[in-house]
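Q: fold the following, please.
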Amino acid sequence: MDGTHRLHLWRMLDLPSLYAWVESTALPRQLMPYAVCGDDAGRDAPEQVARIWVGLHDKGLLHGRLSHPGEPFGMLELHAVPALWLLYPFALATAYGSRYAEVYPEAWERAGIPADVFTTAESWTRWAAG
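A: Numbering: from 1, shown residues only. Predicted coordinates:
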């Protein structure tokens, strides 16, 4: 529906070519740490995700209301975030974040996120939750 989405995906995945039917969807309005982690995440992933949400909220990057901040069963009523995958488990956020930094140099710095925090899952978690 919008060619920029296809171009963005093509650049992020470093594909030689791309044929895609892309439909954008609205951001979800309510999220829980357990819901974004999935079954294959580690046992402590929801707790880590909950701490990251609080850290991003405190840094002004996540806009919304957190009920029971830092708790894995807390609810986020989402208003805005630079990228939805920043709210996902650290392995996914790190993978996308590092690739995004390669494709769009200095974009993270303009958003207020140091690009080097995506070098490891530990550095992302430490910065985002800190």
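
Q: find the residue closest to the most centrally placed residue in the chain in space, skipping its chain neighbours.
A: Centroid-nearest residue in the chain: Leu86, 1.2 Å away (criterion: Cα atoms, centre = their mean). Residue nearest to Leu86 in three dimensions, not counting chain neighbours: Ala93, with 5.5 Å by Cβ to Cβ, 6 or more residues apart in numbering. Heads up, the C-betas are built off the backbone N, CA and C, glycines and all.

Q: wait, the residue nearest to the centre of the chain sits on Leu92?
A: No: in this structure Leu86 lies outside contact range of Leu92 using Cβ atoms under 8 Å: 9.4 Å.

Q: from Gln30, how far out is the nearest residue to His68 once chain neighbours are set aside?
A: The shortest distance from His68 to any non-neighbouring residue, by Cβ to Cβ, 6+ apart, is to Gly74 (3.5 Å). Between Gly74 and Gln30 the computed distance is 11 Å (Cβ to Cβ, to the nearest Å).
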